[in-house]
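Mind looking at a prediction? Sequence and model below.
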Amino acid sequence: MAIGSVHGDGEILSAGAKRLYGAYVRQDWVQAERITDEYPNVYGELVSFGLIQEDPDRPGKPVVRNPKRALENVLFSQLEEAKQRVAFMSALPDLTNELASQYAATTFRPGRSSEYLDDQAAVNSRIRDVVAGAKTEILAAQPDGPRNKAILDVAVTRDSAALDRGVSLRTVYRDTVRDDPVTAEYATLMANRVTGSVAQYRTLPGEFERMIIVDREQAFISDHITGGPQHAAWHVTDRAVIAVLAAMFDQMWLYGEPWTGLLRSRRGRLEVDAVSGPDGVRTSARQRQILRYIAAGVSQQVIARRIGVSQRKLEQEIAALKALWGASTLPELIYEYALSQDRLVDDGECAAAGAEPTA
């Protein structure tokens, strides 16, 4: 029996091996021979524990070793082996994660119906090519808020060409674009074209999923799987998935407010701000992030994890926000935030400038 194993009676050395060791200690060779005849394996047990050492000059009459020294060696050997086993088991989770990410890269694209793109240039190039080949319809949901001028200058040429081919272009923006002159100028131009088709726009408050759907045959969506860079995207061609995405877009379109590029009047903005006054914003980007999560119904435990603070720290920040608006409950805080100028601040504008999705 191997060292490190336990017999059925709970002993690490069998009863027969103990009897044989006693016979060797007494040099009772006759008794030792009887025991080995009855239990053929016990001699090997004593050898493996280092309790006896064979003597080539006296077959069957081994040298008996001090059990304290012998078993101390066994103990040290077992401890070292245990240490190696612990190190092995400790390394397994990291190895699992490393290999799982490689495995996921292939299993998440069955039949090559989805392709992961993590290079920004590759994402932009692929979107350009697919949009340029649109035949009937382009649907775009852009939750990042106002677009920068460089992106919109490219979009004018690209989207005008699609509209001239008779392609329908519908875009849902976050409602903060109604306060952005650059995006408003672009939307006014595209929604009031005098030749060919016109683009259609609607706006929604709050957060929603970003997507681009072309001819209901191909789609681009943000990455929620690999934890890759912010500009990473999935190019999806699975018709079942695209049908679900299109249904999501149609639902957003249904609830969106039509927009033809008119800027929200300054007076109109002040009318929805019952707290802050003309100059509005009183919160930091981090506070607004917390408020958005609360308004979306995310639990405080999850919010704390997402922004990287303890739950106690989050409770302190929420208490400070309540004090800022004089709110005593979370529903009251959400209500005051919804009426404030802070709700109109687009903290995603910088991130939006990095990619080139259709406008």
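Yep, it's here.

Show me the residue sitting in the middle of this protein in space.
Of all residues in the chain, the one closest to the mean position by C-alpha atoms, centre = their mean is residue 227, 4.6 Å from it.

Residue 138 looks like it's in a strand, true?
Yes: under DSSP: H, G, I helix; E, B strand; the rest coil, residue 138 falls within a strand.

quick one: it and residue 252, what's the gap?
Distance from residue 138 to residue 252, counting by C-beta to C-beta, to the nearest Å: 15 Å. Yep, even glycine has a C-beta here, placed from its N, CA and C like the rest.

So for these two, which sits in the more crowded spot?
residue 138 (23 against 18; other C-beta atoms under 10 Å).

That one and residue 170 touch, don't they?
Yes: at 7.5 Å, residue 138 and residue 170 qualify as touching, with contact defined as C-beta atoms under 8 Å.

Touching both of the two, which residues are there?
Common contact partners of residue 138 and residue 170 (C-beta atoms under 8 Å, 6 or more residues apart in numbering): none.

Run through this structure and note the low-pLDDT ranges.
Applying pLDDT under 70 to the chain picks out residues 1-10, 101-112, 265-280, 348-359.

Where do the helices of the stretch 151-300 of the chain begin and end?
Using DSSP state H, counting those that start in this stretch, the helices found in the stretch 151-300 of the chain span residues 181-191, 239-255, 266-271, 285-295, 300-307.

most tightly surrounded among those?
helix 181-191 (a mean of 19; mean count of other C-beta atoms under 10 Å).

packing partners for it?
helix 149-164, strand 200-204 (3 or more C-beta pairs under 8 Å, 6 or more residues apart in numbering; DSSP states H and E).

closest to residue 25 out of the ones you listed?
strand 200-204 (88.9 Å; C-beta to C-beta).

Give the pairing partners of that closest one; include direction for each.
If you go by DSSP bridges, strand 200-204 pairs up with strand 168-174 (parallel), strand 257-259 (antiparallel).

Reformat those strands into TSV and put distance to residue 51 next to each item.
Formatted as TSV, these follow (distance: least, C-beta to C-beta, whole Å):
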stretch	distance to residue 51
strand 168-174	79
strand 257-259	88
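
so which of those strands gets nearest residue 314?
Using C-beta to C-beta, the nearest of the strands paired with strand 200-204 to residue 314 is strand 168-174, at 25.1 Å.

Name the residues of the closest one that are buried.
For strand 168-174, a neighbour-count test (16 or more other C-beta atoms under 10 Å) marks 169-174 as buried.

export that strand as CSV, just CAs?
In CSV, the C-alpha atoms belonging to strand 168-174 read as follows (Å, rounded to 0.1, in the frame of the first residue of the first chain):
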residue,chain,number,x,y,z
SER,A,168,-34.2,53.9,-45.0
LEU,A,169,-32.1,55.4,-42.2
ARG,A,170,-33.5,55.5,-38.6
THR,A,171,-31.4,56.5,-35.6
VAL,A,172,-32.3,56.6,-31.9
TYR,A,173,-30.1,59.1,-29.9
ARG,A,174,-29.8,59.8,-26.3
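
tell me the angle that strand makes with helix 181-191.
160 degrees (axes from the mean of the first three to the mean of the last three C-alpha atoms, to 10 degrees).
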